[in-house]
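Chemist: how does the following fold in three dimensions:
(2 chains)
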There are 2 protein chains.
Amino acid sequence: MRHADVAKAERIRIYDVARVAGVSVATASKALNDTGRMTEATRLRVKQTAAALGFRPNAMARALTQNRSFTVGLLTNDTYGRFTLPVMAGINEALVDQGVSVFLCGIEDDAELGAVHVNAMLDKQVDGIIATGKRIDRQLPVDLSGLAVPVVYAFTQGPEGAVTLVSDDAQGARDATLHLTAVGRRRLVHVTGPDSFASVRTRAGAFREVAGDEAPVLHGAWSEAWGHEAVARLWAEGNPPDGIFCGNDQIARGVIDALRERGVSVPDAVSVIGFDNWEIVAAATRPPLTTIDMNLKELGREAGRLILELAEGKPVEPGIRTLPCKLVMRQSCGGATPVADKLEVHQEV
Amino acid sequence: MRHADVAKAERIRIYDVARVAGVSVATASKALNDTGRMTEATRLRVKQTAAALGFRPNAMARALTQNRSFTVGLLTNDTYGRFTLPVMAGINEALVDQGVSVFLCGIEDDAELGAVHVNAMLDKQVDGIIATGKRIDRQLPVDLSGLAVPVVYAFTQGPEGAVTLVSDDAQGARDATLHLTAVGRRRLVHVTGPDSFASVRTRAGAFREVAGDEAPVLHGAWSEAWGHEAVARLWAEGNPPDGIFCGNDQIARGVIDALRERGVSVPDAVSVIGFDNWEIVAAATRPPLTTIDMNLKELGREAGRLILELAEGKPVEPGIRTLPCKLVMRQSCGGATPVADKLEVHQEV
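Modeler: All right, here's what the predicted structure looks like:
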């Protein structure tokens, strides 16, 4: 296995740099921080010495000087991490090159635990806090308004006037439904989660925009079991659908398993699309699931970029930013033609 | 929703404490740090003032004094987080009360990215690093030996002489197999992952200790598809098993789905046990899956406890610590009697 170098054992200190460069510690420090008065030749010599010795400034000391800790806190109540892990990966991607590290704090729905973690973050003088969660229409159980550090909300509800990032659920649901029509499906049904979720209402609205106001929307739990039950109900009624758009991948998995057990072929007789692109579910479904990806990694990247701008005092317009979803083609939908072309045609209609 | 208090906007500073208590900043600082000379009355007055004002010392300044940053780095190459998230939850549980926060860094199998994250951690003077991953017989792609900070390895391979925590795969596999015999199963088969995994060999060995040296062990991928294929193969051969111990929950899910599709009842005709207790898979399986839980949260708690002891300079014996697994009863195995009793009986035989 290949290993890259990391700094070993004894660290080079500012004292070593000063000694080798033949200046005082104070002068060495000022030279490296581009402060104080000295000849450019001295400053250059100190910097070259530091580079040659492999000196890296103590980040905490630097933090005290610059009033920056180069750390960001990430708060989440999403225990399974299915939404938070991609967001975290995106944040890390955006921040690691800037030397910023991320504290991850899972607070579940525990207000006390949330307060403990936020206080620990403030103690460590984080440059900012990113709040994320498991649904976009609920706040975390901790009030982050009025903190001395900037806060960005990603895939969780922020207070009015906050900087908030969400996925474009309406566009994702529209693209899914358009794709069902593009592969020739006409009797469309939406099998989704509880009506109490804002994202459920948004997606159902977008589904009906395309499929028609009378197109059925069935609400149940976010589970495979509900997918099974929905199929039983739809096939008991007669005139079953030929295209099913599901509110998440677990429901879609239940729907597809139930159809197989009835001898209904997916995608030959019925096309199915999920939502979330939860790879571990989508890939194991038979056939593998065509689904909507919320681009949570990109959401995280954007949250990282914004928190950095806020930390550096740059102006960031408050409000809700909506990032596009994308359709991920596997085999549960049929239609071999690249989807992007078809969607463009349909969106122009 | 209930909200707990977190510190708002303007922070109380040491200057405020000093002013209100009527002492110099230096005296106030010494009083709070239990250093310097002063009357106990003065020290008490400063402390009471600090408490009354809600003063919290600047963690970074304190870190510089104490040579502790109260941060720990967690490195992982487990992208999906199925192993890392429970470990992380345990670490946080062990450390949050000590005021320690955790940097989570996903490095996948990228040595360069690993080095970048480790260097960032060292720059931030973490008190220690916990390395974790997705299998216990592979090292992370970054060499952590010889660092100036302590390292604990949890659910990933450490170098010789390191402090390493792993789950007791042999005991877990033994308990699973004993449970199959306890519910009356006699023709046992183990359907598991690739032979190249140390944990696969360990579990297979423990399975045969109980089931007999001739009991079949079938190796394949860590997937539902392999579970299907294994059932097809076993039922084609004649004399099919009545108890199947699977190497992970995904294989078990495939096995159970394949048995249902053949009209073989689980658990009436065949008992199935998984491994991992990956809730999202285990709970959705029909019937829900009885499986082995590796207690990864406890592993994380222990890793947190050990890294703290090392950071505080306490002696910690190097070597591999093995933590017990536990059997989680759902419905895929039959046998209503509490399992612990039966296992004890069997273990005494």
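
Chemist: in a helix, A:Tyr153, correct?
Modeler: No: when DSSP: H, G, I helix; E, B strand; the rest coil is applied, A:Tyr153 is found to be strand, with no helix at that position.

Chemist: does it touch A:Ser145 like I think?
Modeler: No: under the contact definition of C-beta atoms under 8 Å, A:Tyr153 does not touch A:Ser145, with a separation of 10.7 Å. In this view, the C-beta of every residue, glycine as well, is placed from N, C-alpha and C.

Chemist: between these two, which contacts overlap?
Modeler: When contacts are counted by C-beta atoms under 8 Å, 6 or more residues apart in numbering or on different chains, A:Tyr153 and A:Ser145 have A:Ala162 as shared neighbours.

Chemist: quick one: name the residues of the stretch 201-349 of chain A near chain B.
Modeler: A:223-225, A:250, A:253, A:257, A:261, A:279-280, A:284 (C-beta under 8 Å from any C-beta of the partner chain).

Chemist: mind listing the strands for chain A?
Modeler: Assignment of strands within chain A using DSSP state E yields the ranges A:71-76, A:101-106, A:128-132, A:151-154, A:163-167, A:188-192, A:217-219, A:243-246, A:271-275, A:290-293, A:319-323, A:326-328.

Chemist: give me the pLDDT value at A:Glu108.
Modeler: pLDDT recorded at A:Glu108 is 84.

Chemist: how close does it get to A:Val87?
Modeler: A:Glu108 sits 17 Å away from A:Val87, going by C-beta to C-beta, to the nearest Å.

Chemist: again, but for A:Asp175
Modeler: Between A:Asp175 and A:Val87 the computed distance is 21 Å (C-beta to C-beta).

Chemist: try A:Arg37
Modeler: Computed with C-beta to C-beta, the distance linking A:Arg37 and A:Val87 is 46 Å.

Chemist: more neighbours, those two?
Modeler: Neighbours per residue (other C-beta atoms under 10 Å in any protein chain shown) separate A:Arg37 from A:Val87, with A:Val87 holding more: 30 against 8.

Chemist: coming back round to it: which one's more surrounded, A:Tyr153 and A:Ser145?
Modeler: More neighbours sit around A:Tyr153 than around the other of A:Tyr153 and A:Ser145, counting by other C-beta under 10 Å; the figures are 25 against 13.

Chemist: quick check: bridge partners of the nearest residue to that one once chain neighbours are set aside?
Modeler: Spatial nearest neighbour of A:Tyr153, chain neighbours left out: A:Thr164 (4.3 Å); criterion: C-beta to C-beta, 6 or more residues apart in numbering or on different chains. When bridges are called by DSSP bridges, A:Thr164 pairs up with A:Tyr153, A:Ile320.

Chemist: could you report the distance from A:Thr164 to chain B?
Modeler: The span separating A:Thr164 from chain B equals 17 Å under the rule C-beta to the nearest C-beta, to the nearest Å.

Chemist: now do the contacts for that residue.
Modeler: So A:Thr164 contacts A:152-154, A:157-158, A:319-321 (C-beta under 8 Å, 6+ apart).

Chemist: 7 Å - rerun?
Modeler: Contact analysis of A:Thr164 by C-beta atoms under 7 Å, 6 or more residues apart in numbering or on different chains lists A:153, A:158, A:320-321.

Chemist: what of A:Lys124?
Modeler: A:69, A:71, B:59, B:71, B:101.

Chemist: assess the claim that the last one and B:Gly73 are in contact.
Modeler: No: counting by C-beta atoms under 7 Å, no contact exists between B:Ser101 and B:Gly73, whose distance comes to 10.3 Å.

Chemist: so how far is chain B from A:Leu289?
Modeler: Distance of A:Leu289 to chain B, given as C-beta to the nearest C-beta: 13 Å.

Chemist: that residue against A:Gln250, yeah?
Modeler: No: with contacts counted by C-beta under 7 Å, A:Leu289 stays clear of A:Gln250, the gap being 10.3 Å.

Chemist: which of those two has more residues huddled nearby?
Modeler: Neighbour tally, A:Leu289 and A:Gln250, criterion other C-beta under 10 Å: the higher count belongs to A:Leu289, 30 against 25.

Chemist: so where's chain A uncertain?
Modeler: Where chain A drops to pLDDT under 70, the residues are A:1-11, A:56-67, A:80, A:335-349.

Chemist: helices of that one, start to end?
Modeler: Assigned by DSSP state H, the helices in chain A fall at A:14-21, A:25-32, A:40-53, A:59-66, A:84-95, A:111-123, A:169-182, A:198-211, A:224-237, A:249-261, A:279-282, A:296-311, A:339-348.

Chemist: in TSV, list those along with distance to A:Val191.
Modeler: Putting the helices of chain A into TSV (distance: least, C-beta to C-beta, whole Å) gives the following:
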stretch	distance to A:Val191
helix A:14-21	64
helix A:25-32	62
helix A:40-53	61
helix A:59-66	51
helix A:84-95	24
helix A:111-123	34
helix A:169-182	12
helix A:198-211	10
helix A:224-237	4
helix A:249-261	6
helix A:279-282	15
helix A:296-311	23
helix A:339-348	21
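
Chemist: contact partners for A:Ala131?
Modeler: With contact set as C-beta under 7 Å, 6+ apart, A:Ala131 has these partners: A:75, A:140, A:144, A:151, A:153, A:156.

Chemist: please read the previous query as pertaining to A:Thr156.
Modeler: Under the contact definition (C-beta under 7 Å, 6+ apart), the residues listed for A:Thr156 are A:131-133, A:136, A:138-140.

Chemist: ok, now A:Asp293?
Modeler: Contacts were defined as C-beta under 7 Å, 6+ apart; by that measure A:Asp293 touches A:277, A:325-326, A:328.

Chemist: redo that, cut-off 6 Å
Modeler: Residues in contact with A:Asp293 (C-beta atoms under 6 Å, 6 or more residues apart in numbering or on different chains) are A:277, A:326, A:328.

Chemist: now those: which count as buried?
Modeler: A:277, A:328 (16 or more other C-beta atoms under 10 Å in any protein chain shown).

Chemist: can you count the residues close to A:Ser24?
Modeler: Applying other C-beta under 10 Å, we find 11 other residues in the vicinity of A:Ser24.

Chemist: go on, the one 4 residues further on?
Modeler: Summarising burial for A:Ala28: neighbours were counted as other C-beta under 10 Å, giving 27.

Chemist: and chain A, what are its domains?
Modeler: Following automatic domain parsing, one finds the domains of chain A at A:14-57, A:71-167+A:296-322, A:169-295+A:327-348.

Chemist: okay if I get the ones you listed as TSV plus distance to B:Glu112?
Modeler: Shown next, in TSV, are those (distance: least, C-beta to C-beta, whole Å):
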stretch	distance to B:Glu112
domain A:14-57	17
domain A:71-167+A:296-322	11
domain A:169-295+A:327-348	24
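
Chemist: out of those domains, which is closest to B:Ala28?
Modeler: domain A:71-167+A:296-322 (18.2 Å; C-beta to C-beta).

Chemist: chain center to that closest one, what's the gap?
Modeler: 10 Å (C-alpha atoms, centre = their mean, to the nearest Å).

Chemist: distance of A:Glu112 relative to A:Ala131?
Modeler: As for A:Glu112, its distance to A:Ala131 is 17 Å (criterion: C-beta to C-beta).

Chemist: for A:Gly99, list the residues it contacts.
Modeler: Each residue near A:Gly99 by C-beta under 6 Å, 6+ apart is listed here: A:Phe70.

Chemist: quick one on the thing from earlier: which among the contacts of A:Thr156 count as buried?
Modeler: For the contacts of A:Thr156, burial is judged from neighbour counts taken by 16+ other C-beta under 10 Å, and it is met by A:131-133, A:136, A:139-140.
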